[in-house]
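Enquirer: next input, structure requested:
(2 chains)
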Amino acid sequence: MIPSRSTPRDWRATHAVRACGWLLLAVLLAAGACDSREAARRPIRMATTTSTANTGLLDSLLAVYEHERGRKVEFIAVGTGMALRHGEEGDVDLLLVHAPDAEEAFVAAGYGVERVPVMWNDFVVLGPSEDPANVRSSTSPVDALRRIATAKADFISRGDDSGTHKKERALWQAAGIEPTGSWYLETGQGMGATLTLGQEKRAYTLSDRGTFLARRDELELVILFEGDPALHNPYALIAISPERYPDRNHAGARDLIAWMTSSRAQALIAEYRVNGHQLFHPAALPASH
Amino acid sequence: MPFLVESISEALKLIVTLDQDLVRATATTLQVSVASTAIAALFSLPLALLIARFDFAGKSWVVTLLRTALALPTVVIGLAVYAFIARNAPLGSWQLLFTPTAIIIGQVCLIIPLITALAHSAVQSRITLIYEEARLLGAPPIAAFWLTVKELRLGILTAFLAGFGRVISEVGISLVLGGNIRGVTRTLTTAISLKTSQGDFAHAFALGIVLLSMVLLINAAIRSGHMEREV
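Expert: Predicted coordinates:
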């Protein structure tokens, strides 16, 4: 079984060298992973919602910000529930989310400094164009959900504690309906995946207008109800409390919030288009600089 | 269906134009996967050899537990590591969350059981025989051990490659611990899941083609290196 071509001393040496090489490689790669993070100026870390990332808005805005202010921003796109959680744990420097009630509670509990409104869009009720529950003739979003529940037409819920899901649950509650049954489907995924599922199942769903418009051309789902004040969808920035988490990047968070609410960034938000559609409307009062 | 065809040209386009997002995601993917496979191998190989070579009380239970750990969902491992490295957690001050290092830690936990179990079953039937024979022929214990590893390298290599394949294709750990930050912790798989949720199926599938092609190249390189040594 011992190969005749080499002596024990030989292969012992080569193998030792080879093993050391592997070890070195592993350590180098791991160290490189740490180093590349230490070397750069401390980036601003933001937790945000899938809607701002899926529409491409943040990539486009932050590229301008990074260029103008020379600071790097790393954002983590998750549901609003998870984003607020990352804020509570002190994993991030600031949040960009859209669930006003949960945001107020977050600030009241001392996790955040204050809510700074930055932009808004609105929610729309989507469904198949044949509209079996006749949502088109509803008088309010609550009425629309009542019609869907009465018809037991398929409805897709995000089911992920996101801002959109929180809004949907509030509407069901206002309608006095506890949605259960085989017609009520929870995806537990982001808005994009939920729209795909709605499309395949020809089901109703509640979506933010931005994500829907970004996907509109490939979807057969249509807007069946829109324009009610109850469907307003405000986005706010919240810096993490310096008292609670002194070692977070508060200067960076403050700078990014100041920039996002400046007239320059607000104009960029208003100009941002996907497939020719405006997705978000500026909501901040122009700052002085 | 048409997006599958479209994705092939999309993949070619991304590669030919050296798409910056693709290059960075590929670099991060390789860095993280190679590091976690190498680190896990350092733990797994000695462990597998010791379990295969020596008999001890509860050995069959150890093997059973290892095999059970193969079923660990990636997101569960991600959350378990998160519990240690989140800001408020015991290791929070190390600031590992949302870094490539965090992904590596999670992936190492994922594949130590995998590589150990596979390497163990690859060597267990022959390890004692080869080791004893080498000792009889006069090799000192450590040399005999190296010789055994060398003789059984094919099965061990397969175990390493299985570990590599598992980490390069996983999403859960990379998402929970890495955060899918563009240019920093975005890997090919988290980019695929992002593109899918954006409805850009052709791009998502194209990234899948890139990932598989890369693994194919790596496997081919290892194979030719292996055959060279065989001759």
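Enquirer: for the residue of the stretch 101-250 of chain A found nearest chain B, what are its contacts?
Expert: Going by C-beta to the nearest C-beta, chain B is nearest to A:G192 of the stretch 101-250 of chain A, at 3.7 Å. Where C-beta positions appear, they are placed from N, C-alpha and C, glycine not excepted. By C-beta atoms under 8 Å, 6 or more residues apart in numbering or on different chains, the contact set of A:G192 is A:50, A:54, A:211, A:215, B:196-199.
Enquirer: secondary structure class for it?
Expert: helix (DSSP: H, G, I helix; E, B strand; the rest coil).
Enquirer: any chance you could map the strands in the stretch 101-250 of chain A?
Expert: A:112-127, A:155-157, A:184-186, A:204-208, A:222-225, A:232-240 (DSSP state E, counting those that start in this stretch).
Enquirer: show me the contact partners of the fifth one.
Expert: The contact list for strand A:222-225, computed with C-beta under 8 Å, 6+ apart, reads A:124-129, A:131, A:135-136, A:138, A:141, A:144, A:204, A:212.
Enquirer: again with the fourth one
Expert: Outside strand A:204-208, the residues within contact range by C-beta under 8 Å, 6+ apart are A:51, A:98, A:121-128, A:133, A:135, A:148, A:153-157, A:164, A:167-168, A:171, A:191, A:194-195, A:198, A:221, A:224, A:233.
Enquirer: change it to 6 Å
Expert: A:51, A:121, A:123, A:125-127, A:148, A:153, A:155-156, A:164, A:168, A:191, A:198, A:233 (C-beta atoms under 6 Å, 6 or more residues apart in numbering or on different chains).
Enquirer: adjacent strands (with direction) for that strand?
Expert: Paired strands of strand A:204-208, with direction, are strand A:112-127 (antiparallel), strand A:155-157 (parallel) (DSSP bridges).
Enquirer: that one vs strand A:232-240, what angle?
Expert: 50 degrees (axes from the mean of the first three to the mean of the last three C-alpha atoms, to 10 degrees).
Enquirer: any idea of the mean pLDDT in strand A:204-208?
Expert: Per-residue pLDDT values across strand A:204-208 average out to 95.
Enquirer: around chain A, pick out the residues from chain B.
Expert: Applying C-beta under 6 Å from any C-beta of the partner chain, one finds that chain B approaches chain A through B:31, B:35, B:38-39, B:86-88, B:97, B:99-101, B:130, B:133, B:139, B:143, B:146, B:179, B:181, B:184, B:197-199.
Enquirer: are any of those buried, and which?
Expert: Buried members of the residues of chain B next to chain A, counted by 16 or more other C-beta atoms under 10 Å in any protein chain shown: B:31, B:35, B:38-39, B:86-87, B:97, B:99-101, B:130, B:133, B:139, B:143, B:146, B:179, B:181, B:184, B:197-199.
Enquirer: out of these, list just those in strands.
Expert: In strands, defined here by DSSP state E, there are no members of these.
Enquirer: just those residues: which are in helices?
Expert: Among these, the members falling in helices (DSSP state H) are B:31, B:35, B:38-39, B:100-101, B:130, B:133, B:143, B:146, B:197.
Enquirer: excluding residues flanking it in the chain, which one is nearest the most centrally placed residue in chain B?
Expert: What sits nearest the mean C-alpha location of chain B, by C-alpha atoms, centre = their mean, is B:F164, with 2.8 Å. Leaving aside its chain neighbours, B:F164 sits nearest to B:T37 (4.5 Å; criterion: C-beta to C-beta, 6 or more residues apart in numbering or on different chains).
Enquirer: right, and that neighbour touches B:G165 too?
Expert: No - using C-beta atoms under 6 Å, B:T37 is not in contact with B:G165, being 9.3 Å away.
Enquirer: who has more neighbours out of the two?
Expert: Per other C-beta atoms under 10 Å in any protein chain shown, whichever of B:T37 and B:G165 has more neighbours is B:T37, with 27 against 17.
Enquirer: ok, back up a step: out of the strands paired with strand A:204-208, deepest packed?
Expert: strand A:155-157 (a mean of 25; mean count of other C-beta atoms under 10 Å in any protein chain shown).
Enquirer: could you give me the average pLDDT of that strand?
Expert: 95.
Enquirer: by contact count, what packs against the one helix or strand B:L110 maps to?
Expert: Following DSSP states H and E, the helix or strand that holds B:L110 is helix B:100-123. Applying 3 or more C-beta pairs under 6 Å, 6 or more residues apart in numbering or on different chains; DSSP states H and E, we find helix B:100-123 packed against helix A:8-39, helix B:20-53, helix B:59-69, helix B:74-85, helix B:153-169.
Enquirer: report the central residue of chain A.
Expert: Chain A, centroid-nearest residue using C-alpha atoms, centre = their mean: A:T49 at 1.6 Å.
Enquirer: quick check: buried residues in stretch A:239-253?
Expert: For stretch A:239-253, by 16+ other C-beta under 10 Å, it's A:239-241, A:245, A:248-250, A:252-253.
Enquirer: identify, from those residues, the entry nearest to A:G79.
Expert: A:I240 (18.2 Å; C-beta to C-beta).
Enquirer: pLDDT value on that closest one, please?
Expert: 96.
Enquirer: quick one, what contacts it?
Expert: Taking C-beta under 6 Å, 6+ apart, one finds A:87, A:93, A:248 in contact with A:I240.
Enquirer: switch those over to a markdown table; also include distance to chain B and pLDDT.
Expert: Converted to a markdown table, these look like this (distance: C-beta to the nearest C-beta, whole Å; pLDDT from 0 to 100):
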| residue | distance to chain B | pLDDT |
| --- | --- | --- |
| A:G87 | 10 | 94 |
| A:D93 | 11 | 96 |
| A:R248 | 8 | 92 |
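Enquirer: remind me which residues of the chain are low pLDDT?
Expert: Using chain A here. The model of chain A has pLDDT under 70 over residues A:1-41, A:285-289.
Enquirer: let's do chain B instead
Expert: Ranges of chain B meeting pLDDT under 70: B:1, B:228-231.
Enquirer: hang on, the earlier thing: quick check: the residue nearest to the centre of chain B touching B:A35?
Expert: No - applying C-beta under 6 Å, one finds B:F164 not in contact with B:A35, separated by 10.9 Å.
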